[in-house]
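Visitor: Show me how the following folds:
(2 chains)
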Amino acid sequence: MSKRELIILSCLLSFCSISYELLFANALAIMAGNIVWWHSVTIGIYVAGLGFGTFKSTKTLFPVKKLVSTELKLSIIGALSVASIYCFSAVYETLMSIAKVGYITDYAMFVTLKTQVKMLYFIMCQSLVFSVGYFSGFELPLLISLSSNDEKSSFSVNRLIAANYFGTLIGTLTFAYFLIPKLDTLYSSLVVATLNLAICLWISLKSKKLVSSKVFAAITGVALMLTVGFLGAKKFEQTFLRVYYRAGTTFLSENNHDLKSWWNLTMDNGDVTRIKTLYQYIDYFNLSWKGEDEFLLMINTNFQFNSSTEQSYHEAFAHIPLLISGNIPKKVLVLGAGDGLLLRELKKYNEITDITHVELDEEIVELSKNHPAISKLNEGVLSDPSVKRIIGDAFQFLRKTDETFDAIYIDFPYPQDYNVAKLFSVEFYKFVKRTLRDDGFAVIDVPLRLKEGKTDEINRRFVELQSNFSDNDFRRNSVVLSTVDKAGFNTRIPYLVGKETFLFMTNSKSKLNYDLFGKTSPMYPSLDNDSLSLINRQYFPHEISNDFINSIFHPQIVE
Amino acid sequence: MRTDSAHLILDLWMEGQWSNDWVAKLEDIIDQEFTVVHKSRHLFEPQGETVAFILSESHFTLHSYPEENYVSFDVYICKPDFDFVQIVKKIEAFLPIARIHQRSFRRGEYALPWLSRWKNSEKGLFLATFILASCSLLYELMLAQTLSSILGDTAHRYNVTIGMYIASMGLGALLYEKFQAKRLTTSLLKVETLLIIVGGLAPFLSLILDSSLREYPILLSILLHSLIVAIGVLSGFELPLLMDMGQKKKEGLSTVVLGVDYLGTLFGAIIVPLFLVPLVSLFGISAVVAFFNCVVALYFSIELTISKKANFVWVMLFVLLACLSWLGWANHLEIQEWIVGKYFLGDL
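Guide: Numbering: from 1, shown residues only, chains lettered A, B, ... in the order given. Model prediction:
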């Protein structure tokens, strides 16, 4: 092989390898949450694999042969990479949904089981990452020995290394700007594996004498596998999504537990529609739970709303702050809440004349505007021209805006990873405070824990686990409240309605209403006197301390 | 000369009537495979012989026991990991073997357990490489985290930072080839000084840049990304320097240094999300990393001072930098409060 060919090869091979690594990291980050964590661990294990591979690659007589077989293995693992993460995740999720319910009533036992299954999940996923690193580690030494075998093309090893690094750069940039926005992880994995196989074929054709016919047969086999992959990817993804979201529920909602009917029930009930946007995956689907049909929407596999419970949630979110503050604001800012359900509630007040809505993801707004089921729920409020909509990052909006508001409603995903923790940080709340008029209030949907009963991401899905108030719950409350305190909000009223907790905060000097008994209204039918009267009698144990402050420069995540 | 060698020991039991051709055949195989410098043999009465060849690759010995149809066969080759497969295959192909028992050993330094194979100064180099590798990655990760707070979109920021880091490490390696550093330790100390200053201050620098250049987003983005490139290039320069220092200490040590570098990177990548970020603030981590980097640089500068009996300036410099980064660590909460308030939040 000529000098130029070797350099191109070095560049292309490192492109494929880093793409696999990034595919793993991204697929895992979406399935299991916590982007920073999975990215760091995956790159670490990949690099360790690389090192181990390099260490193991002793000189061989036929580097071409070895290179071909390495590439063959890599394209097989690459083609299966995202698909296997999907499979592992589906099994994990199903197991967890089942375990959450009656089968294990002991919370401690559930946590132990969860840790063990999660560990297994981690090992299975990361061993794939390690093997990609391991085989990729062979590439560079093999190319180096190829270059030194041929005296005509002997040249500096550093150029090969540089080409390798350069391929890595192209890989990460292509991945960030093209593969992920345009293609989606599953298809990307197949495309990269195809490229890898093409390289493998090219090397074998270049040195036909050295490569046996068995290798060509294997290449044909992998090519067939990839074709099947491309043709079946959509169907595979659909099956995966149905199992992922429905298998646990259908198992629990039926008494009849034979495998066949379980599978049929999981597959029935229509598609799980997945929309990939620039920022997230939006999944929505129908689910039947004990005979009732529900419509659910998930973002990055985290629960967003359920048609059967969203009303009480959004009524509690929108109306209770107005009851507490005692007056109705004129100018309101809504951050997040792209589904429009909160806007629907706010629109019930004629006094609210000016609503500004900031949402990061344009596509969720479009979806909620146009999808029949969602637009029926939000009563078409997103098409209302009187709502001023800004598509952008709420953090950057608050940082740059000069406007001030009477009320700010904040609805973000819970701060389970460092990325979202930013939207619950002391810096963010300082911007909120600046944007708020002196007599205004802000209300946030936050994860707090009442001394009895509890709300969390798990329970929002299906079931309630019996548990006591733990140290972790204490920490969770303290993080939220200390951060808000540090940002300068003196009056804070956390409240719980149903299973959802909210935090009302203000610096207003005017009198607040703590007793909401008897303030029921047809405007919010699901809030009855029972839930309203409980508002000022709830106890959220916490401690205000500098140790608990969530800052973007020292993130505290809440699990 | 490296002592790493390979030693093959074969016990051969033959089939059928004993023939002296067998021994001749074995000698032929050795003749074909290696360069024989000197041959000597002794015939015993009434039968049996001992053959010894001196090879330019070391030696070969053979003892025959015709009455037992047995041959003892030894080859010692002064190449690590020499592949004896071809020889054993040939023996099996050309001789009527009834039973073969083979063992191969690593000999020389290579035979020692991993850690006892190295001298203390070599172990010091490994440890230093390990720490430096994790320091470099930590600087980059802290920068990625800062950039994600300034520019938004965490996942994207991490993808781009890792890619640019690896690529600029490559660039550094290429530059290294151009520079042809002669005085390795001095060059390393220069690189370390820059790394400590740029890497340790990177989060501060990016916040200050952000506050002063907010009106020029393209210029800001270029400057922020050039911080990633700067750290990457310096680390890319650092690795071949360390490898050459290893190679200078002992032949073949450079690959070990490379392996240790990978391990250090892995360590850095694991401790960031698991321990550092939950426990310490970003500015605190930067200060601690800079401190460890100073300690390693101090180690090299002391080594240099002892061997050259000069260059006390380097020691002073790194003691100073270590003190500064320690002060930074001790007061990181106050510094963070001040710098974030002044440059990130504006006048709130």
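Visitor: Confirm that residue A:390 sits in a strand.
Guide: Yes: the assignment for residue A:390 by DSSP: H, G, I helix; E, B strand; the rest coil puts it in a strand.
Visitor: Break chain B down into its domains, please.
Guide: Domains of chain B are assigned by automatic domain parsing as B:5-111, B:121-344.
Visitor: distance of residue B:63 from residue B:41?
Guide: Residue B:63 is 11 Å from residue B:41, where distance means Cβ to Cβ, to the nearest Å. To be clear about C-beta, it is placed using only N, CA and C from the backbone, and glycine gets the same treatment.
Visitor: Could you pull out the residues contacting both of those two?
Guide: Listed as contacting both residue B:63 and residue B:41 by Cβ atoms under 8 Å, 6 or more residues apart in numbering or on different chains are B:49-51.
Visitor: Among those residues, name the ones in strands.
Guide: B:49-51 (DSSP state E).
Visitor: Chain A: which of those residues is nearest?
Guide: Taking Cβ to the nearest Cβ as the measure, chain A sits nearest to residue B:51 out of these, at 29.1 Å.
Visitor: Give me the neighbour count for that closest one.
Guide: 21 (other Cβ atoms under 10 Å in any protein chain shown).
Visitor: any idea of the mean pLDDT in stretch B:79-97?
Guide: Mean pLDDT, stretch B:79-97: 85.
Visitor: Span of that stretch from start to end?
Guide: End-to-end distance for stretch B:79-97, by Cα to Cα, to the nearest Å: 28 Å.
Visitor: Any buried residues in that stretch, and which?
Guide: Neighbour-count burial for stretch B:79-97, counted by 16 or more other Cβ atoms under 10 Å in any protein chain shown, picks out B:80, B:82, B:84, B:87-88, B:90-91, B:95, B:97.
Visitor: same question, stretch B:338-348
Guide: B:339-340, B:343-344.
Visitor: Could you do stretch B:247-256 as well?
Guide: So, applying 16+ other Cβ under 10 Å, buried residues of stretch B:247-256: B:247, B:253-254, B:256.
Visitor: ditto for stretch A:329-341
Guide: For stretch A:329-341, by 16+ other Cβ under 10 Å, it's A:329, A:331-341.
Visitor: which stretches of chain A have low pLDDT?
Guide: Confidence mapping of chain A against pLDDT under 70 gives the ranges A:58-61, A:101-107, A:149-156, A:254-257, A:452-468, A:559.
Visitor: Could you chop it up by domain?
Guide: If you go by automatic domain parsing, chain A breaks into A:3-240, A:306-548.
Visitor: Tell me which of the ones you listed lies nearest to chain B.
Guide: domain A:3-240 (2.4 Å).
Visitor: gap between the closest one and the chain center?
Guide: Distance of domain A:3-240 from the chain centroid (Cα atoms, centre = their mean, to the nearest Å) equals 22 Å.
Visitor: Please apply the same query to stretch B:283-296.
Guide: That offset, for stretch B:283-296, works out to 22 Å (Cα atoms, centre = their mean).
Visitor: ok, now stretch B:54-69?
Guide: On Cα atoms, centre = their mean, the centre of stretch B:54-69 falls 39 Å from that of its chain.
Visitor: quick check: mean pLDDT across that stretch?
Guide: When pLDDT is averaged over stretch B:54-69, the result is 93.
Visitor: what about the helix or strand hosting residue A:169 and chain B, touching?
Guide: Taking DSSP states H and E as the criterion, residue A:169 maps to helix A:157-174. Yes: using Cβ under 8 Å from any Cβ of the partner chain, helix A:157-174 reaches chain B at A:158-159, A:161-162, A:164-166, A:168-169, A:171-173.
Visitor: Ok, stretch A:434-452 next?
Guide: Yes: interface with chain B: stretch A:434-452 contributes residue A:434 (Cβ under 8 Å from any Cβ).
Visitor: Alpha carbons only: can I get that stretch in PDB?
Guide: Extracted C-alpha coordinates of stretch A:434-452, given in PDB (Å, rounded to 0.1, in the frame of the first residue of the first chain):
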ATOM      1  CA  ARG A 434     -33.600  39.900  38.700                       C
ATOM      2  CA  THR A 435     -36.300  39.300  36.100                       C
ATOM      3  CA  LEU A 436     -39.000  39.300  38.700                       C
ATOM      4  CA  ARG A 437     -40.700  42.600  39.800                       C
ATOM      5  CA  ASP A 438     -40.500  43.300  43.500                       C
ATOM      6  CA  ASP A 439     -44.000  42.200  44.300                       C
ATOM      7  CA  GLY A 440     -43.900  39.300  41.900                       C
ATOM      8  CA  PHE A 441     -43.700  35.600  42.500                       C
ATOM      9  CA  ALA A 442     -42.000  32.600  40.900                       C
ATOM     10  CA  VAL A 443     -43.200  29.000  41.000                       C
ATOM     11  CA  ILE A 444     -41.200  25.900  40.100                       C
ATOM     12  CA  ASP A 445     -42.000  22.300  39.600                       C
ATOM     13  CA  VAL A 446     -39.300  20.800  41.800                       C
ATOM     14  CA  PRO A 447     -38.500  17.400  43.300                       C
ATOM     15  CA  LEU A 448     -39.200  17.700  47.000                       C
ATOM     16  CA  ARG A 449     -40.100  15.000  49.500                       C
ATOM     17  CA  LEU A 450     -42.800  15.100  52.100                       C
ATOM     18  CA  LYS A 451     -42.100  13.500  55.400                       C
ATOM     19  CA  GLU A 452     -44.800  11.000  54.600                       C
END
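Visitor: Show me what the longest helix seen in chain A is packed up against.
Guide: The longest helix of chain A (DSSP state H) is helix A:107-149. If contacts are counted by 3 or more Cβ pairs under 8 Å, 6 or more residues apart in numbering or on different chains; DSSP states H and E, helix A:107-149 sits against helix A:3-32, helix A:35-56, helix A:63-98, helix A:157-174.
Visitor: Out of the domains of chain A, which gets nearest to residue B:182?
Guide: domain A:3-240 (17.8 Å; Cβ to Cβ).
Visitor: so how far does that closest one reach from one end to the other?
Guide: Distance between the two ends of domain A:3-240: 45 Å, counting by Cα to Cα.
Visitor: do stretch A:328-346 as well
Guide: Terminal-residue distance, stretch A:328-346 (Cα to Cα): 10 Å.
Visitor: Could you list the low-pLDDT ranges of the stretch 1-150 of chain B?
Guide: B:1.
Visitor: in which helix or strand would I find whichever residue of it sits closest to chain A?
Guide: Residue nearest to chain A within the stretch 1-150 of chain B: residue B:149 (4.4 Å; Cβ to the nearest Cβ). Element membership for residue B:149, per DSSP H and E: helix B:120-151.
Visitor: and that helix, what other elements does it pack with?
Guide: helix B:154-179, helix B:184-212, helix B:217-249, helix B:253-271, helix B:282-308.
Visitor: What strand or helix carries residue B:319?
Guide: Assigned by DSSP H and E, residue B:319 belongs to helix B:312-330.
Visitor: Now that helix: buried residues?
Guide: Residues of helix B:312-330 classed as buried by neighbour count (16+ other Cβ under 10 Å): B:314-315, B:317-318, B:321-322, B:324-325, B:328-329.
Visitor: distance between that helix and the chain's centre?
Guide: 27 Å.
Visitor: do stretch A:284-295 as well
Guide: Remark: stretch A:284-295 is offset 23 Å from the chain centroid, using Cα atoms, centre = their mean.
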